[in-house]
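> Need a 3D model of the sequence below.
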Amino acid sequence: VTIGVLATITDNKATYGGGLYYDGDTNEPAVCNINLEASCKFAGNSAVYGGAICIGELVESYNNHIVRITLATINTNFAQYGGAVAILRGTLEVFGGDISRNTCGVRGDNIYVSLGGTLSVYGGSVGADGVSGEIVVLGNNSEGRSGRMQLASGATINDVVRLFDGAKIFVTSDLTSSKV
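Predicted coordinates:
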């Protein structure tokens with residue numbers, strides 16, 4: 001799916017994903033490539049899970065959903081969990097763009113990674129505006145599932161990252177920080 005130049009997804013409300021909700025329903029890997037071109041944005045959306053985007057459901061669903069964002073601006077969205085994005089099951093791959101200035105009611109101003117979810121950041125920035133936000137990654141549960149976060153060269157994370165109950169961050173390049 002490609003959303004064109006100057007397209008906006010704004011002012012929507014839902015329980016899952018105020019702007020976009022993706023949850024496959026087969027045992028086969030379900031891949032949804034979302035290419036958001038320059039000047040395309042999600043703004044002013046709200047939900048319980050994932051103000052702009054939600055991947056998967058809290059109920060038992062398949063864990064092989066993949067959403068890829070190549071260029072997007074995801075700002076000023078609100079959700080109880082994951083002001084910009086909630087990854088409940090499956091993977092969000094970010095290759096570019098800006099995810100910042102989103103807010104939450106409970107956890108994850110910008111991104112919320114639940115049990116069975118993975119966030120992989122290869123480029124772009126999360127929290128680039130310098131405003132204090134957070135990425136929340138949940139750890140192990142009784143079934144042994146855990147949220148994961150992977151950072152690669154070219155990724156910029158300016159948010160506070162909060163890990164719960166053994167969650168892990170995987171760094172695939174040199175790690176540098178301007179803040180300790």
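
> pLDDT on stretch 127-143, on average?
For stretch 127-143, the mean pLDDT works out to 60.

> Output the below-cut-off pLDDT ranges for the protein.
Scanning the chain for pLDDT under 70 picks out 24-34, 58-64, 128-134, 138-148, 150-180.

> cutoff 80 now
Counting by pLDDT under 80, the chain has low-confidence residues at 1-5, 23-39, 57-68, 70-71, 115-116, 123-180.

> Tell me how far Val5 lies from Ser125.
According to C-beta to C-beta, to the nearest Å, Val5 stands 20 Å off from Ser125. (C-beta placed from N, C-alpha, C; glycine too.)

> more neighbours, the two?
Applying other C-beta atoms under 10 Å to Val5 and Ser125 shows that Ser125 carries more neighbours, namely 19 against 9.

> For that one, which residues count as its bridge partners?
Asp98, Thr156 (DSSP bridges).

> out of everything not next to it in sequence, what's closest to Ser39?
With C-beta to C-beta, 6 or more residues apart in numbering as the criterion, Ser39 has its nearest non-adjacent residue at 5.0 Å, and that residue is Leu6.

> wouldn't that neighbour be in contact with Leu36 here?
No: Leu6 is not in contact with Leu36 according to C-beta atoms under 8 Å; the separation is 11.0 Å.

> which one of these two has more residues nearby?
Each of Leu6 and Leu36 has its neighbours counted (other C-beta under 10 Å); Leu36 has more, 25 against 10.

> beta partners for that one?
On the basis of DSSP bridges, Leu36 is bridged to Ile3.

> Now for it: which residues touch it?
Leu36 makes contact with 2-3, 7, 69-72, 97 under the criterion C-beta atoms under 8 Å, 6 or more residues apart in numbering.

> Also Tyr49?
Tyr49 sits next to 15-17, 58, 79-82, 86, 88, 112 when contact means C-beta under 8 Å, 6+ apart.

> Narrow these to those that are buried.
Among these, those classed as buried by neighbour count (16 or more other C-beta atoms under 10 Å) are 16-17, 79-82, 86, 88, 112.

> Take those and lay them out in CSV including distance to Tyr49 and secondary structure.
Converted to CSV, these look like this (distance: C-beta to C-beta, whole Å; DSSP: H, G, I helix; E, B strand; the rest coil):
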residue, distance to Tyr49, secondary structure
Tyr16, 5, strand
Gly17, 7, coil
Ala79, 6, strand
Gln80, 7, strand
Tyr81, 5, strand
Gly82, 6, coil
Ala86, 4, strand
Leu88, 6, coil
Tyr112, 8, strand
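
> Would you mind putting the residues you listed into CSV with distance to Val48 alongside?
Converted to CSV, the buried ones among the contacts of Tyr49 look like this (distance: C-beta to C-beta, whole Å):
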residue, distance to Val48
Tyr16, 7
Gly17, 10
Ala79, 6
Gln80, 5
Tyr81, 7
Gly82, 10
Ala86, 9
Leu88, 11
Tyr112, 11
